[in-house]
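Novice: Predicted model and sequence below, questions to follow.
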Amino acid sequence: MKFCSQCGKTVVFRIPEGDNRERFLCESCGAIHYQNPRIITGCLAVWEDRVLLCKRAIQPRSGFWTLPAGFLENGETATAGAERETWEEVRAKVAELELYTMFSLPHISQIYLFYRAQLIDGIFAPGEETDAVRLFHEADVPWDKLAFPVIRDTLQHYFRDRANKEFRVHAADIEISRDIRR
Ligand SMILES: [Zn+2]
């Protein structure tokens, strides 16, 4: 950040009085520009015994398979965001959303929330940022072509919980070393 979004003057990066970490602040109008983690919300959508995955058409990880998900918007609930992203990316309508996995990724300041959900009518199609959409049986999941570790972890939890006939929420902190090992 270079300029104040309130008044347009140059900002400085230092610890404001009474705070404990550096922020962008404007010495002209006094505005402190806080930057906090972003939330990504999405769905693990299920139809009968299959899960819905989509192939990314955009970077990063273009050509790899993922769950429909994206940045939560201001003024939106996390479930509404997951439903909206599912509609935008795979043109599917979902219901019965249940929070399923939460990942904290401090090295990129992101929080991921995935909901288990049911496809309402089994209809789907690629959205703007998607190359292909498919339902996968457990045996057909392209494990070596998944876009991100959080996708793999969510799917692994799902198939394990389903086999045990008991779903619970899974929360995890993912450190940077794990990303590198992908
Ligand atoms: Zn300012």
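Specialist: Perfect, I can see it now.
Novice: In the protein, mark out all the helices, start to finish.
Specialist: 78-90, 149-164, 176-180 (DSSP state H).
Novice: highest average neighbour count across the ones you listed?
Specialist: helix 78-90 (a mean of 21; mean count of other C-beta atoms under 10 Å). Just so you know, the C-beta spots here come from the backbone N, C-alpha and C atoms, and that holds for glycine as well.
Novice: residues from this protein in reach of the ion?
Specialist: Applying C-beta under 5 Å from the ion, we find that the chain lies next to the ion at 4, 6-7, 26, 28-29, 31.
Novice: Is it possible to get CSV of the residues you listed that adds distance to Gly63, pLDDT and neighbour count?
Specialist: Formatted as CSV, these follow (distance: C-beta to C-beta, whole Å; pLDDT from 0 to 100; neighbours: other C-beta atoms under 10 Å):
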residue, distance to Gly63, pLDDT, neighbour count
Cys4, 40, 97, 19
Gln6, 41, 96, 13
Cys7, 44, 97, 12
Cys26, 42, 96, 20
Ser28, 46, 96, 13
Cys29, 46, 97, 11
Ala31, 42, 96, 16
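Novice: Quick check: chain neighbours aside, which residue is closest to the spatially most central residue of the chain?
Specialist: Among the residues of the chain, the one closest to the centroid is Ile40, at 3.2 Å (C-alpha atoms, centre = their mean). Of all residues not flanking Ile40 in the chain, Tyr112 sits nearest, at 4.9 Å (C-beta to C-beta, 6 or more residues apart in numbering).
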